[in-house]
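Student: Whatever this is, show me its structure:
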Amino acid sequence: MTNIQTLDPSASPLDYYGWELRRQREASGLTQGQLGDIIFCTGSLIGQIETTKKVPTREFSERLDAALGTDGVFSRLIGLVLRSQLPTWFQPYAEMESCAAYISTYQAQLVYGLLQTEGYARAVLATGMPDDLENLVAARMERQRILERERPPLAWAVLDEAVLHRPIGGREVMRKQLQRLLDFADHHWMRIQVLPFAAGEHASLAGSFTAMRFDDDPDIVYTEDVISGHMTASPDTVREAALRYAHLQAAALSVEDSAALITRVMEERYEDRSRPEERAVA
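Tutor: Below is the predicted model:
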């Protein structure tokens, strides 16, 4: 007799996903192998996801819904599943970020998470030497879906110029990352400014921070240290953060001049040098 692992659907979003997948598959009278054939994967992968040994992807979930006629159940669940893969200390922030009406962030070291390309995110997350790097990357990419909503949060990012020069992941990764920033130049809901080196000392030399505003809840300020994150709704802290952010915006380049600087850095530092012979001919 086959030993079937018993899952507790209330244990975690991943457990619930696996439990629901098994329930829906069996209700359709399909074996793991048969379902795998329908959605172009192995029966072994179906089994691994049913027993929480593997984290599903959004594409996998969409194929499941189409194959099993589940009316988007798995496509809705996958957001919760991927968010649960984030570090425990970061999950409350991700939840609040997904509900925010307005986000303003200053980033001194790295591109803001909602603006990172997959390659850049992978290079950043790999520095922590995690055992589940691909799951963390998938979770970060899932966070960015809030920008694809019909009415996404209004977001404003001030990036220190150092962010543009720090070669995270190598030349190709950085070229694609800076192009990603430029893609937001005409975005209605996202604005990006660069705080230039020429600004010298400024209002947030102590480091990065993010402020979030909500329709029906108090404003929140979020900061990180080496190993964790901290959120506060203290009115004094919120006012201080708002004042500092106003000074940062005033010292930063305009949105248009910021785009010009990003373009210049991309061309001068991260030019594609993979085929020099073609440039020589040209």
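Student: before we move on, which element is Gly79 in?
Tutor: Using DSSP states H and E, Gly79 sits in helix 73-83.
Student: Nearest residue to Arg122 in space, please, no chain neighbours.
Tutor: Among residues not flanking Arg122 along the chain, Val137 sits closest, at 5.0 Å (Cβ to Cβ, 6 or more residues apart in numbering). The way it works is simple: take the backbone N, C-alpha and C, and place the C-beta from them, glycine included.
Student: tell me which residues form a beta bridge with the closest residue to Ser254 other than its chain neighbours?
Tutor: Nearest residue to Ser254, sequence neighbours excluded (Cβ to Cβ, 6+ apart): Gln193, at 7.1 Å. Listed by DSSP bridges, the beta-bridge partners for Gln193 are Val158.
Student: related to what we said a few turns ago, roughly how far out does the helix holding Gly79 sit from the chain middle?
Tutor: Centroid separation for helix 73-83 versus its chain: 15 Å, with Cα atoms, centre = their mean, to the nearest Å.
Student: buried sites along that helix?
Tutor: By 16 or more other Cβ atoms under 10 Å, the buried positions in helix 73-83 come out as Val73, Phe74, Ser75, Leu77, Ile78, Gly79, Val81, Leu82, Arg83.
Student: Specify the local secondary structure of Arg191.
Tutor: Under DSSP: H, G, I helix; E, B strand; the rest coil, the three-state class of Arg191 is strand.
Student: contacting residues around it?
Tutor: With contacts defined as Cβ atoms under 8 Å, 6 or more residues apart in numbering, Arg191 is in contact with Ala155, Trp156, Ala157, Phe184, Val255.
Student: Tell me how far the residue nearest to Ser254 lies from Leu261.
Tutor: 10 Å (Cβ to Cβ, to the nearest Å).
Student: Likewise for Leu115?
Tutor: As defined by Cβ to Cβ, Leu115 lies at a distance of 16 Å from Leu261.
Student: Settle it for me: which of these two has more neighbours?
Tutor: Neighbours of Leu115 and Leu261, each counted by other Cβ atoms under 10 Å, are more numerous for Leu115; the result is 23 against 15.
Student: on that earlier part again, name the helices or strands packed onto the helix holding Gly79?
Tutor: Contact here means 3 or more Cβ pairs under 8 Å, 6 or more residues apart in numbering; DSSP states H and E; on that basis helix 73-83 packs against helix 13-27, helix 58-68, helix 91-99, helix 133-143.
Student: can you give me the mean pLDDT across the helix or strand that the shortest one is followed by?
Tutor: So the one you mean is helix 91-99. Using DSSP H and E, the next helix or strand after helix 91-99 towards the C-terminus is strand 102-107. Averaging pLDDT along strand 102-107 gives 98.
Student: Which elements pack onto whichever helix or strand comes after strand 102-107?
Tutor: Downstream of strand 102-107, the first helix or strand assigned by DSSP H and E is helix 118-126. Helix 118-126 is packed against helix 133-143, helix 171-182, with contacts defined by 3+ Cβ pairs under 8 Å, 6+ apart.
Student: List the buried residues of the first one.
Tutor: If you call a residue buried by 16+ other Cβ under 10 Å, then helix 133-143 has these buried ones: Asn135, Leu136, Val137, Ala138, Ala139, Arg140, Met141, Glu142, Arg143.
Student: OK, contacts around the residue nearest to Arg122?
Tutor: For Val137, the contacting residues are Glu118, Ala121, Arg122, Leu125, by Cβ under 8 Å, 6+ apart.
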